[in-house]
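In: My questions are about this predicted structure, shown below with the sequence.
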Amino acid sequence: MATGASTAARARGERNNTAGIETRQRIITTAERLFARHGLDAVSVRDITAAARVNTAAINYHFGTKRGLVVAVLARRAEQLGARRAELLEEIEREPNPSLREVVAALVIPTAELASDRKRGGYFYVGFLATVLDHPEYAKLVADTFDEITNRYLAALERVTPHLPPDVREFRFAFAKDFINRALFLPRHVHNWIEQHAPGADAPLTERIIDFVTGAFAGDAIA
């Protein structure tokens, strides 16, 4: 039978555990936002602790190093993004004759959905991915995290772009991934130009991105 002292100790432990989880999530959310806005190298641990209202010891306790924090930021939404990508890929893989546009849509839509989630911070994760992929030290983390899904996308693209040599297809896939992340994280850059130069051109950004990437894969390889 639990004593009053042991019950109180257990309650304190549960409160401490809850507080620790909340602190960890607050640090990840803050780092995600700062990394997305400013880049990995421009943001220091001190910047993150100040914005998250924690001390450096909290970073060390929960993540060990800045690299450990980057890994944690990447991992937090990777399962959600990967699951949505897998769901759309499964639909493509079941189709006997998918179109190129359908495959490209399966590539664009999961990231677009995440980018539209500003309330829960998915938008900043898209910007974070863009900056991580641009970093020589951390880019491999993204590749390792999404390697299986990437291979499935390339296999799906091979079915609908038989006119492309493998190396050309892979280069175009790399360009497409980077473009998708940046266009969805910084949509005002596109909208501002359109408003100035083609004010009558009005369509959802996601559809425009799908059109653009589909066109990129549809073209023949130029020797």
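Out: The structure has been received and is ready for your questions.
In: the helices in the protein, which residues?
Out: With DSSP state H, the ranges of helices along the chain come out as 4-38, 45-52, 56-63, 66-94, 100-115, 122-133, 139-145, 147-160, 166-185, 187-197, 205-218.
In: I'd like to know which elements the third one is packed against.
Out: In this case it means helix 56-63. If you count contacts as 3 or more C-beta pairs under 8 Å, 6 or more residues apart in numbering; DSSP states H and E, helix 56-63 packs onto helix 4-38, helix 45-52, helix 66-94. (Glycine included, C-beta is placed from N, CA and C.)
In: one step back: with mean pLDDT as extra columns, can I get the helices of the chain in JSON lines?
Out: Shown next, in JSON lines, are the helices of the chain (pLDDT from 0 to 100):
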{"stretch": "helix 4-38", "mean pLDDT": "76"}
{"stretch": "helix 45-52", "mean pLDDT": "96"}
{"stretch": "helix 56-63", "mean pLDDT": "94"}
{"stretch": "helix 66-94", "mean pLDDT": "96"}
{"stretch": "helix 100-115", "mean pLDDT": "97"}
{"stretch": "helix 122-133", "mean pLDDT": "93"}
{"stretch": "helix 139-145", "mean pLDDT": "90"}
{"stretch": "helix 147-160", "mean pLDDT": "97"}
{"stretch": "helix 166-185", "mean pLDDT": "94"}
{"stretch": "helix 187-197", "mean pLDDT": "71"}
{"stretch": "helix 205-218", "mean pLDDT": "95"}
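In: could you dump stretch 46-65 to PDB, C-alpha only?
Out: Backbone C-alpha positions of stretch 46-65 (Å, rounded to 0.1, in the frame of the first residue of the first chain) are rendered in PDB as follows:
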ATOM      1  CA  ARG A  46      22.200  31.000 -27.100                       C
ATOM      2  CA  ASP A  47      19.700  32.400 -29.600                       C
ATOM      3  CA  ILE A  48      17.600  29.400 -29.100                       C
ATOM      4  CA  THR A  49      17.700  29.400 -25.300                       C
ATOM      5  CA  ALA A  50      16.900  33.100 -25.200                       C
ATOM      6  CA  ALA A  51      13.900  32.700 -27.500                       C
ATOM      7  CA  ALA A  52      12.700  29.500 -25.700                       C
ATOM      8  CA  ARG A  53      13.200  31.000 -22.300                       C
ATOM      9  CA  VAL A  54      15.400  28.200 -21.000                       C
ATOM     10  CA  ASN A  55      19.000  27.900 -20.000                       C
ATOM     11  CA  THR A  56      21.900  26.200 -21.900                       C
ATOM     12  CA  ALA A  57      21.700  23.200 -19.500                       C
ATOM     13  CA  ALA A  58      18.300  22.400 -20.800                       C
ATOM     14  CA  ILE A  59      19.700  22.000 -24.300                       C
ATOM     15  CA  ASN A  60      22.500  19.900 -23.000                       C
ATOM     16  CA  TYR A  61      20.100  17.700 -21.000                       C
ATOM     17  CA  HIS A  62      17.600  17.100 -23.700                       C
ATOM     18  CA  PHE A  63      19.700  17.000 -26.900                       C
ATOM     19  CA  GLY A  64      23.400  16.900 -25.900                       C
ATOM     20  CA  THR A  65      24.600  19.200 -28.700                       C
END
